[in-house]
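Student: Turn this into a model:
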Amino acid sequence: MLRYVAFRILSTIPVMGVVALFVFVLLRLAPGDPAAVIAGDYATAEDVIRIREQLGLSDPLFIQFMRWLGDLLQGDLGTSIFSNKPVTLLISQRLEPTLLLTLTTIIFSVAVAVPLGTIAAYRAGSFIDRLVMLFSVGGFSIPVFVLGYMLIFTFSMSFDLLPVQGYRSPFSEGVLPFLRHIILPTATLGVIFIALISRMTRASVMEVLEEDYIRTARAKGQSEMRILVGHALRNAAVPIVTVIGIGIALLIGGVVVTESVYNIPGLGRLVLDAVLARDYPIIQGLMLFFSFVYIFINLIIDLCYTFLDPRIRY
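Tutor: As a prediction, this is how the structure comes out:
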């Protein structure tokens, strides 16, 4: 086990290197010039050239990449072009809202999707099953920002039940204000996740319910609840946990849109602001951070397999 974990951790190094190179080159090939944005609309060509030289953007791409890679190996993600603050500081300041939004979304989605998928599999072909599948298709079809504005219009503007936007920290402003501000973003971001997990849960549980040991358990007189939870759901857990790990990528993309809709000062909003401003160091740092988080979560998911299925050994 320890050897496998060490190998997986070491294998992330070349992966992160490829991600760093891809992000660096892609940003440089994309249209737009941060020097022109900094100079303003009334700047001359000489002003833009001078700013580019000050930022080091006039150097060859290879030199820029090696300079950035050297700083990265020392734990320095760079300095923001516009705010002149370290990228690591900006990430740490925006980490709490994104982390708590992601955590509440995962808890809410798993708590709703797994029972829905299990019931749909147990009642396959029934009205409940068709209703769950309809919800799953709708969850994938509705864009995040459209659903967000619909929820704002319904629960904030029409009935005045929840705040329109904003964020309140549970550590400094209390749990109740935090919950009031996080409910709508969690519901908006959780719909896609619920659709994904519920469909996979339904398919996995339906496959397990056709196994011989399920018929044996029924022949022994065990209750349907024990069969569903103790046998079917437990043996279907590996693909469900896998799709939860894959769904983290959907959450990373959805966080950017959700935080923009609800004006949450998290990493997603920081990504959007950096892209609009062409702030290369922030974009590069955030992409590396998100990639590392995704790789780390997949490692945790792989290690969970041994606890879910004793036949799996590393």
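Student: Send me stretch 178-191 as CSV with only the CA atoms.
Tutor: These are the backbone C-alpha positions of stretch 178-191, laid out as CSV (Å, rounded to 0.1, in the frame of the first residue of the first chain):
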residue,chain,number,x,y,z
PHE,A,178,-23.6,31.2,6.3
LEU,A,179,-26.3,28.7,5.6
ARG,A,180,-28.7,31.3,4.3
HIS,A,181,-26.1,32.5,1.7
ILE,A,182,-24.9,29.1,0.8
ILE,A,183,-28.2,27.2,0.2
LEU,A,184,-28.9,28.6,-3.3
PRO,A,185,-25.3,28.2,-4.6
THR,A,186,-25.2,24.7,-3.3
ALA,A,187,-28.5,23.8,-4.9
THR,A,188,-27.4,25.3,-8.2
LEU,A,189,-24.0,23.5,-8.3
GLY,A,190,-25.5,20.3,-6.8
VAL,A,191,-28.1,19.7,-9.6
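Student: Give me the mean pLDDT for it.
Tutor: Averaging pLDDT along stretch 178-191 gives 94.
Student: quick one: contacts of it?
Tutor: For stretch 178-191, the surrounding residues in contact (Cβ atoms under 8 Å, 6 or more residues apart in numbering) are 100-101, 104-105, 108-109, 112, 139, 142, 144, 147-148, 151-152, 155-156, 162-163, 166-170, 251, 254-255, 258-259, 261-262, 264. From N, CA and C alone the C-beta is placed, and that goes for glycine too.
Student: what's near enough to touch residue 119?
Tutor: Going by Cβ under 8 Å, 6+ apart, residue 119 touches 128, 132.
Student: host element of it?
Tutor: helix 87-122 (DSSP states H and E).
Student: Who are the packing partners of the lowest-mean-pLDDT helix or strand in the chain?
Tutor: Least confident helix or strand, the chain: helix 34-39 with a mean of 77, by mean pLDDT, DSSP states H and E. Helix 34-39 is packed against helix 45-55, with contacts defined by 3 or more Cβ pairs under 8 Å, 6 or more residues apart in numbering; DSSP states H and E.
Student: Buried by neighbour count: which residues of the helix it packs on qualify?
Tutor: Within helix 45-55, the residues scored as buried using 16 or more other Cβ atoms under 10 Å are 48, 51, 52, 55.
Student: so how far is that helix from its chain's centroid?
Tutor: 37 Å (Cα atoms, centre = their mean, to the nearest Å).
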